[in-house]
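[1] How does the following fold in three dimensions:
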Amino acid sequence: AEGRRVTETGLQPERIDFDPPAVAPKRDLMSKFDGLIAERQALLDSGVTDPFAIVMEEVRSPTEAVIKGRETILLGTYNYMGMTFDPDVIAAGEEALRRFGSGTNGSRMLNGTFRDHMEVEQALRDFYGVSGAIVFSTGYMANLGIISTLAGKGEYVILDADSHASIYDGCQQGNAEIVRFRHNSVEDLDKRLSRLPKEPGKLVVLEGVYSMLGDIAPLREMVAVAKKHGAMVLVDEAHSMGFFGPNGRGVYEDQGLEDQVDFVVGTFSKSVGTVGGFCISDHPKFEAVRLACRPYIFTASLPPSVVATAATSIRKLAHAHNKRQHLWENARFLHGRLRELGFRLGTETPESAIIAVILSDQTQAVAMWQALLDGGVYVNMARPPATPAGTYLLRCSLCAEHRRDQLDRVADLFSAAGRAVGAIA
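    Next up is the predicted model:
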C-alpha cells in the first residue's frame, strides 16, 4: 500500500506496509503463560467444571445459591457472620444509593469523602475501641498500602512465610528489607529478629487466622518476642473479625493483646458482608498515613452504598453474640463429622471457621470438588501457589447462618465423594 508523508520538501509518496510481520515468539510477553494455559486446558479436557470460574446465577441467602441451574449449599464464601442479606444492612445501602448516587468519582483526598465514609470509620473506631481508622477500597489494598507506607528504606518487615499474597505484595511495593520466618514458629521469629541491627525500625506482620489451613497464630508469644526486640506489630485479622474475642475484634483480642498490637488490618468482604478494607490503630500519629499512602491517595473511594452497608453491619456485629456462638457450634460440628469420617484436616481441632480437607494430589482434589458440586455443595479448591508446595485441599468456610440440616447434607456428600475418590476408606 502507498501512503504519503511530510518531508522538508512537502508531501512525498512512501511505501507503508500495513501488514507487518508477526511478532517473534521470543518477544511475545504472553508466551510466559503457555504452561499455565496448557495445564488449565488439560484440566478442562478431563471433563470437570473449571473450579476457578464458578458463576453464581442466583444467590438466595448467605448459605444458598444456584450454580449451573442447581440449588447449592455455599460452603466457600467467607460470609462468616451471614450479614449479606441482613435487612438493616440492605436498607442502609439502598438509602445511601438513593441519596448519594452510585459512586464518588474521586479519591478520598479530593472529592471522594461522603457522609458514610466518615460514618464507617467512626463505626470502626467504636468497634475496636481505638482513636484511628482508615478505610481502603479492598482488604488487599489495605495491606498493600499500610505495609509499604509504614516500613521504608533501611527499615525491616519481618513476616510469616505463609503470609497472604497481599502482605507479600505490600512488602514488594515498599523499600524496606524483607525477612521471613517459618510459619507460626516463635523460635524462628526470635532468631531472625536477633540477627538484625538494633537501630532501624522494624515491623512484624502476623495474621490472626491463616486462611489456607484455618490455623491461628500464637500471637501472645510472637508479640512478646517482637516487643523484646523493639519491633512494632501489625496483625491481619481478616478471617477472625466478628467472632474471636469478647467483642469480636479478632484473635489479638481473644489472646489479650489489645494494648500491645500497634496496627490491625481487616476487610469488609468477610464477616462484614460487603467489600472494602481498613487499618485501625491507637498511635497518635496514625492519621498521617493518609498523606503518604499511595494506594489510599491514588484510587477512587468506595461507593456510598458500600460504606453505608459496612457501617451498619459493623455496628450490628458488636452485639452479634448469638451469631458468634452459632458459628462456633457449626465449626465444631462439621470439623468433628469430617474427622470421624477419616479425612485429614488442616487442624487437629476446630481453631477457626475454616476447615481444610487435605488431599493427595490435584487429580483427587478436582475429582472430589466436582463430586461435591454435582451433589449441590460448593467449596473452594486450593492448590499451589496459593498453598504450600505439593498441598492440595478443599477449603470449607462456615457461616453463622448454616442450618444443621445443611451441614448434615454436607457431611453425607463428603462421605460419598471421599470414598469415591479414595480419600477415605
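[2] need the longest helix for this structure.
    helix 321-341 (DSSP state H).
[3] Now do it: everything it contacts.
    Contacts to helix 321-341, defined as CB atoms under 8 Å, 6 or more residues apart in numbering, come from residues 80-82, 242-243, 248, 345, 347, 349-350, 352-353, 355, 357, 396, 398-400, 402, 404, 407, 410-411, 414-415, 418, 424. Heads up, the C-betas are built off the backbone N, CA and C, glycines and all.
[4] Check stretch 376-390 too.
    Here stretch 376-390 makes contact (CB under 8 Å, 6+ apart) with 51-52, 54, 65, 67, 70-76, 162, 165, 212, 356, 362, 365-366, 369, 372, 391-397, 409-410, 413-414.
[5] how far does that stretch stretch from start to finish?
    One end of stretch 376-390 sits 28 Å from the other (CA to CA, to the nearest Å).
[6] and if you look at stretch 293-313?
    Stretch 293-313 has an end-to-end distance of 26 Å (CA to CA).
[7] go on, stretch 213-231?
    Using CA to CA, the end-to-end distance of stretch 213-231 comes to 27 Å.
[8] Show me how far the longest helix of the chain is from its chain's centre.
    Computed by CA atoms, centre = their mean, to the nearest Å, the chain-centroid distance of helix 321-341 equals 22 Å.
[9] which of the residues in that helix are buried?
    Using 16 or more other CB atoms under 10 Å as the test for burial, helix 321-341 gives 323-324, 326-331, 333-335, 337-338, 341.
[10] what element comes up after that helix heading to the C-terminus?
    Heading C-terminal from helix 321-341, the first helix or strand you meet, by DSSP states H and E, is strand 354-359.
[11] Can you check what angle separates that following strand from helix 321-341?
    Using axes from the mean of the first three to the mean of the last three CA atoms, to 10 degrees, the inter-axis angle of strand 354-359 relative to helix 321-341 is 20 degrees.
[12] helices and strands around strand 354-359, which ones?
    helix 321-341, strand 392-397 (3 or more CB pairs under 8 Å, 6 or more residues apart in numbering; DSSP states H and E).
[13] Run through who's touching the helix or strand where Glu95 lies.
    Using DSSP H and E, Glu95 sits in helix 87-100. Helix 87-100 has contacts (CB under 8 Å, 6+ apart) with 83, 114-116, 273-274, 303-309, 311-313, 316.
[14] same thing with stretch 213-220?
    So stretch 213-220 is contacted by 160, 184, 186, 206-210, 235, 239-240, 251-252, 255-257, 261, 346-347, 351-356, 393, 395 (CB under 8 Å, 6+ apart).
[15] Give me the neighbour count for the closest residue to Gly132 other than its chain neighbours.
    Using CB to CB, 6 or more residues apart in numbering and skipping the chain neighbours, the partner closest in space to Gly132 is Phe286 (3.6 Å). Other residues near Phe286 come to 18 when the count uses other CB atoms under 10 Å.
[16] Isn't Phe286 up against Ser131?
    Yes: counting by CB atoms under 8 Å, Phe286 touches Ser131, with 7.4 Å between them.
[17] ends of stretch 65-72, how far apart?
    5 Å.
[18] List the buried residues in stretch 60-74.
    For stretch 60-74, the neighbour count (16+ other CB under 10 Å) marks 62-65, 67, 72-74 as buried.
[19] which one of the residues you listed sits closest to Leu36?
    Taking CB to CB as the measure, Leu36 sits nearest to Ile67 out of these, at 24.6 Å.
[20] Against Ile354, how distant is the closest one?
    When distance is defined by CB to CB, to the nearest Å, Ile67 is 21 Å away from Ile354.
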